[in-house]
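Q: Quick one: sequence and predicted model below, then my questions.
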Amino acid sequence: MSNNPYSRLIVRLDGRRLCQTPELYGDLVKKGIGGFIVFGGEIEKLKEGLRFLQGLSERPLIICSDLEQGLGQQVMGGSIFPSAMAMGYAFKNDPSSISLIKDAFRHIAREALYAGINTVLAPVMDIQNNPSNPIISIRSFGDDPETVSMLGTLMIKVFNEEGVLSCAKHFPGHGDTAIDSHHALPVIGKSVEELSAFELIPFMRAIESGVSIIMMGHILATGIDMERPVSISEKAVRFLRDRGFEGLIITDAMNMGALSGYGEPDAAELAITAGVDLLLHPEDPHGLAKRIVVSENRRLERLYPLLSKGDDLLPDLDHARVIAGKIYEKALTVSGDIPVLQGPAVVIINDEISGVRKKGAILASRLSPEDVFYINSKEDIDKIPDRRDLLLAVFSRPGAFKRPLKDFRDILSVLAKKARLIISFGNPFVLQGIEADVIYIYDDTELAEFVVADFLFK
């Protein structure tokens, strides 16, 4: 079965589209597709659709998804947990938070299985040590190898206990980059010795902890391979195998800009020739299936019996929200002083133009409408009254295809001088160089807003 070229492909599955045109995905299953990466859908309908696809397949399908923060990150009806960085700070602020974090990981696994997802593309094992990093940021557990290793391996162990496959990403580490590999190829010019002393520590711990899959980043790590990104590098694959990794190796998404210099067919061929087991998110699966030449893969054959087809026990979603709220409370970090607020106004700015939902709605609900100001351009600054108690709520989150707010950093610099207190929802590094009293929550979810609002307006 694993000598079928389709078996090496993990293709995109739109949960909503699955309900509308199941035959589209069914045809891929009949051709022997390796599995799907899930985006979107509603939990019950997705569960039904994935069960239908599993029933068509001669062997269990790999059903994976980017659930770094839980099922709700991709699927309506699932829970959303705090970001990895919020969990990292919860642990740093109060080590007893580890029990809450462990419960959160267990909920992520169980909700995934309920929906029919048997493989979670997490943990992120990147160490966030570059403030200019546009894509990792709060997706990382922290800026040091020990925190990232400890929480990442905890996730792996909990997933193993629950029967969910884990995937450590993005080897050899995407943290010390200033380029998003969705758009271009990042370069890490460190020697193997330097990588081994820092970036590689979490990945080696992941191997020791029994991680099922390692995702190769689209990164040119010159200490490993001077010529090719690790995702299509035989030297990088050999590097992992020589260090005892016997699980599956998967690429990051094949449609990302970092590989644009190769083209998808050539990049896929190079990856398979290099010894990569699975190709993630190809744009043209049928074209690649004709192009790549594969043989029997014992690693894949060993994996199939481990793939769950789902679980009918729905976890307690209310309890999941309680756990998430407690983690946010532990993660909340104050830098400086919290002033006594009298008749405050709040200014809300988001570094992304987004029509999905208005950030800051929870915080704004605690004040009168005339005391809430949204910033969408430089001109909006003039509408803000001169007040002593001005709160500035800053929303910033890493994203692959963001629509950035024009002049965001210039606007932020002006607003920071006016504010008595800044609330950082999400990426804390956007405030680098700004001297102010700040509340950090390391996430931009509605629940994070509730926790901050309760903290400020008790």
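A: Sure, I can see it.
Q: What are the boundaries of the helices in the stretch 201-350 of the chain?
A: Remark: helices assigned in the stretch 201-350 of the chain by DSSP state H, counting those that start in this stretch are 201-208, 234-242, 264-274, 285-291, 298-303, 317-331.
Q: which other helices and strands contact the fifth one?
A: For helix 298-303, the packing partners by 3 or more CB pairs under 8 Å, 6 or more residues apart in numbering; DSSP states H and E come out as strand 248-253. (C-beta placed from N, C-alpha, C; glycine too.)
Q: if we compare the helices of the stretch 201-350 of the chain, which one ends up closest to Ala84?
A: helix 317-331 (10.7 Å; CB to CB).
Q: Give me the nearest residue to Glu199, chain neighbours excluded.
A: The spatially closest residue to Glu199, leaving aside those adjacent along the chain, is Gly173, at 3.2 Å (CB to CB, 6 or more residues apart in numbering).
Q: check contacts around that neighbour.
A: Each residue near Gly173 by CB atoms under 8 Å, 6 or more residues apart in numbering is listed here: Met125, Asp126, Ile127, Ile188, Leu195, Phe198, Glu199, Leu200, Pro202, Phe203, Gly217, Ile219.
Q: Need the helices of the stretch 201-350 of the chain in JSON lines (columns: distance to Leu9).
A: Formatted as JSON lines, the helices of the stretch 201-350 of the chain follow (distance: least, CB to CB, whole Å):
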{"stretch": "helix 201-208", "distance to Leu9": "24"}
{"stretch": "helix 234-242", "distance to Leu9": "18"}
{"stretch": "helix 264-274", "distance to Leu9": "9"}
{"stretch": "helix 285-291", "distance to Leu9": "5"}
{"stretch": "helix 298-303", "distance to Leu9": "12"}
{"stretch": "helix 317-331", "distance to Leu9": "33"}
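Q: Go through the ones you listed and name the closest to Asp14.
A: helix 285-291 (14.3 Å).
Q: Return the backbone torsion pair for the residue nearest to Glu199.
A: phi 130, psi 120 (degrees, to the nearest 10).
Q: And the nearest residue to Phe36 once chain neighbours are set aside, how far from Ser212?
A: Using CB to CB, 6+ apart and skipping residues adjacent in sequence, the residue nearest Phe36 is Leu13, 3.7 Å away. Distance of Leu13 to Ser212, computed by CB to CB, to the nearest Å: 20 Å.
Q: of these two, who's got more company?
A: Per other CB atoms under 10 Å, whichever of Leu13 and Ser212 has more neighbours is Leu13, with 26 against 20.
Q: tell me the contacts of that one?
A: When contacts are counted by CB under 8 Å, 6+ apart, Leu13 touches Tyr25, Phe36, Ile37, Val38, Phe39.
Q: Over to Asp407?
A: Ser377, Lys378 are the contacts of Asp407 under CB under 8 Å, 6+ apart.
Q: Quick one, grab the pLDDT at it.
A: You'll see Asp407 listed with a pLDDT of 92.
Q: Same check on Ser2?
A: For Ser2, the predicted pLDDT is 78.
Q: where's the residue nearest to Phe36, which helix or strand?
A: Element membership of Leu13 [criterion: DSSP states H and E] is strand 9-14.
Q: Now do that strand, average pLDDT.
A: Mean predicted lDDT for strand 9-14 stands at 98.
Q: got it, and stretch 166-174?
A: Stretch 166-174 comes out with an average pLDDT of 98.
Q: what's the spacing between that stretch and its chain's center?
A: On the basis of CA atoms, centre = their mean, to the nearest Å, stretch 166-174 sits 11 Å off its chain's mean C-alpha point.
Q: Repeat that for stretch 434-444.
A: Worked out by CA atoms, centre = their mean, stretch 434-444 lies 21 Å from the chain centre.
Q: Contacts for it, please.
A: Contacts of stretch 434-444 (CB under 8 Å, 6+ apart): 82-83, 85-86, 88-89, 138, 328, 331-339, 359, 395-397, 412-413, 416, 419-426, 428, 431, 448, 451-452, 455-456.
Q: Quick check: buried residues in that stretch?
A: Ile434, Val438, Ile439, Tyr440, Ile441, Tyr442, Asp443, Asp444 (16 or more other CB atoms under 10 Å).
Q: Determine which two of these are furthest apart.
A: Spatially, the most separated pair among the buried residues of stretch 434-444 is Ile434 and Asp443, at 19.5 Å (CB to CB).
Q: And the strands in the stretch 251-400 of the chain?
A: Along the stretch 251-400 of the chain, counting by DSSP state E, counting those that start in this stretch, strands occupy 278-280, 333-335, 345-350, 372-375, 390-396.
Q: Pull up the pairing partners for the third one, direction included.
A: It stands for strand 345-350. strand 372-375 (parallel), strand 390-396 (parallel) (DSSP bridges).
Q: Pull out the buried residues from the helix or strand that the longest one is followed by.
A: Secondary structure here is assigned by DSSP H and E; on that basis, the next helix or strand after strand 390-396 toward the C-terminus is helix 408-418. For helix 408-418, the neighbour count (16+ other CB under 10 Å) marks Phe408, Ile411, Leu412, Leu415, Ala416 as buried.
Q: any idea how far Glu194 is from Gly116?
A: On the measure of CB to CB, Gly116 and Glu194 end up 42 Å apart.
Q: Of the contacts of stretch 434-444, keep whichever come out buried.
A: Judged by 16+ other CB under 10 Å, buried ones among those: 82-83, 85-86, 88-89, 138, 328, 331-333, 359, 395-397, 412, 416, 419-426, 428, 431, 448, 451-452, 455-456.
Q: closest to Ile323 among the contacts of Leu13?
A: Nearest to Ile323 among the contacts of Leu13, with distances taken as CB to CB, is Val38, at 23.1 Å.
Q: dump the residue contacts of the residue most central in space within the chain.
A: By CA atoms, centre = their mean, the chain has its centre lying nearest to Glu68, at 4.6 Å. For Glu68, the contacting residues are Ser83, Ala84, Leu121, Ala122, Pro123, Val124, Arg139, taking CB under 8 Å, 6+ apart as the criterion.
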